[in-house]
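**Student:** Provided below are the primary sequence and the corresponding predicted coordinates.
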Amino acid sequence: MGFIWFFPEGEMPVWSQKLKGVCWVGSRKPLSGGEFAALKATGANAISQTPFGWQEGTDSPGIRWQVEGDRQWWGESGTGIQVTLDSAESHQISNMLKPHLWVRGSWPGEIEMKSEEDWNRWFENYETFILDYAKLAERISIPYLCIGTELEKSSDREEDWRKIIAAVRQIYKGKIVYAANFTEFEHIQFWDALDFIGIQAYFPLSDKEVPTLNHMNQAWKSHLKDIESVVKKFQKPVIFTEIGYCNTHDAAKEPWVWPNERGEAQISEEIQALCYESFFESVWDKSWMAGAYFWKWYPEGKHRDPDFSPQGLKAETVMKQYFLAD
């Protein structure tokens with residue numbers, strides 16, 4: 001899907017043929033047809049698919065999952081993932097398999113065991129979980145695999161992660177990435193073992209009541225310095241494994257906040273679209289930028305407000321403009 005050239009030491013890697021992606025929401029029922037024609041019309045050429053494993057609590061070492069199960073949504077099952085892959089590829093849209101952990105009452109960034117014994121058990125369980133999906137990805141020829149997402153309190157355990165990466169490489173021959181939270185990526189020491197530096201790019205862009213494009217672009221300058229420091233050290237291209245903004249007036253302040261936690265936030269297509277514009281103006285043309293996946297895209301269209309999806313909104317128009325320009 002692209003080619004990497006490495007400049008001399010200390011300079012930046014260059015990536016061509018960017019991944020113009022969206023985070024595809026697995027549907028309850030099989031696709032009805034036409035979903036990928038609509039996505040292709042935006043200029044998108046990539047999706048990520050996200051099945052789930054389930055963890056009872058942030059300090060629980062147990063993980064439950066089923067690649068195929070009768071309690072899953074169709075789009076998150078192995079069968080649904082393969083059909084979605086086939087449908088996407090018929091429109092020249094590539095796939096990344098990006099399994100997540102769903103943690104009761106929390107999020108993956110808070111997963112932290114209370115003892116070394118529990119950490120060992122958790123990593124054993126997590127390795128089995130991700131290898132099951134690596135086997136699926138290899139069997140059906142998914143070209144990209146994300147081996148973990150926002151597991152911030154585990155990623156300092158470098159040797160445990162290197163063991164997982166080596167085990168995945170034994171099974172899966174495609175490209176692999178880890179999706180580090182925007183507060184995490186600078187601290188990771190195993191980027192050299194992966195094909196990409198992956199960032200969940202929910203960086204704050206402005207704390208102004210009425211943010212402007214200039215405010216946001218200035219904020220990106222600071223974030224880009226941090227990203228480029230890591231790129232220079234590890235000489236790897238970057239994928240924004242997720243980036244997204246709610247259609248609310250406070251979207252630029254705390255992009256990571258879920259819609260149902262935004263209280264009485266005022267709906268604003270304009271601010272959401274400005275956030276998209278700032279990303280494309282500030283980041284998209286960087287030589288090390290291998291691609292980005294916008295959170296999120298519903299096969300059947302957006303049906304609630306507020307929401308992260310750009311579908312049918314001014315943000316989609318911005319995305320389409322830049323995706324089609326390349």
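**Tutor:** Arrived safely, thanks for sending.

**Student:** okay, CA-based contacts and neighbour counts for the rest of this
**Tutor:** Will do.

**Student:** quick one: the strands in the stretch 51-200 of the chain?
**Tutor:** 52-55, 94-97, 100-103, 144-149, 175-181, 197-200 (DSSP state E, counting those that start in this stretch).

**Student:** output those strands as JSON lines; include the columns distance to Ala44.
**Tutor:** Formatted as JSON lines, the strands of the stretch 51-200 of the chain follow (distance: least, Cα to Cα, whole Å):
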{"stretch": "strand 52-55", "distance to Ala44": "24"}
{"stretch": "strand 94-97", "distance to Ala44": "9"}
{"stretch": "strand 100-103", "distance to Ala44": "23"}
{"stretch": "strand 144-149", "distance to Ala44": "16"}
{"stretch": "strand 175-181", "distance to Ala44": "19"}
{"stretch": "strand 197-200", "distance to Ala44": "19"}
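
**Student:** and those strands: which comes nearest Ala315?
**Tutor:** Minimum separation from Ala315 across the strands of the stretch 51-200 of the chain (Cα to Cα) falls at strand 197-200, 18.8 Å.

**Student:** adjacent strands (with direction) for the closest one?
**Tutor:** If you go by DSSP bridges, strand 197-200 pairs up with strand 175-181 (parallel), strand 238-243 (parallel).

**Student:** could you export the strands of the stretch 51-200 of the chain to CSV, including columns for distance to Gln311, mean pLDDT and mean neighbour count?
**Tutor:** Output for the strands of the stretch 51-200 of the chain, formatted as CSV (distance: least, Cα to Cα, whole Å; pLDDT from 0 to 100; neighbours: other Cα atoms under 10 Å):
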stretch, distance to Gln311, mean pLDDT, mean neighbour count
strand 52-55, 24, 97, 18
strand 94-97, 20, 98, 25
strand 100-103, 23, 98, 20
strand 144-149, 24, 98, 24
strand 175-181, 24, 98, 24
strand 197-200, 20, 98, 28
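
**Student:** and of those, who's closest to Tyr322?
**Tutor:** Ranking the strands of the stretch 51-200 of the chain by proximity to Tyr322 (Cα to Cα) places strand 94-97 first, at 18.2 Å.

**Student:** quick one: which of the strands paired with strand 197-200 is nearest Trp24?
**Tutor:** Comparing the strands paired with strand 197-200 under Cα to Cα, the one sitting nearest is strand 238-243, at 11.1 Å.

**Student:** what about the longest strand in the chain?
**Tutor:** Taking DSSP state E as the criterion, the chain has its longest strand at strand 289-297.

**Student:** immediately after it, which helix or strand?
**Tutor:** Using DSSP states H and E, the helix or strand that follows strand 289-297 towards the C-terminus is helix 314-325.
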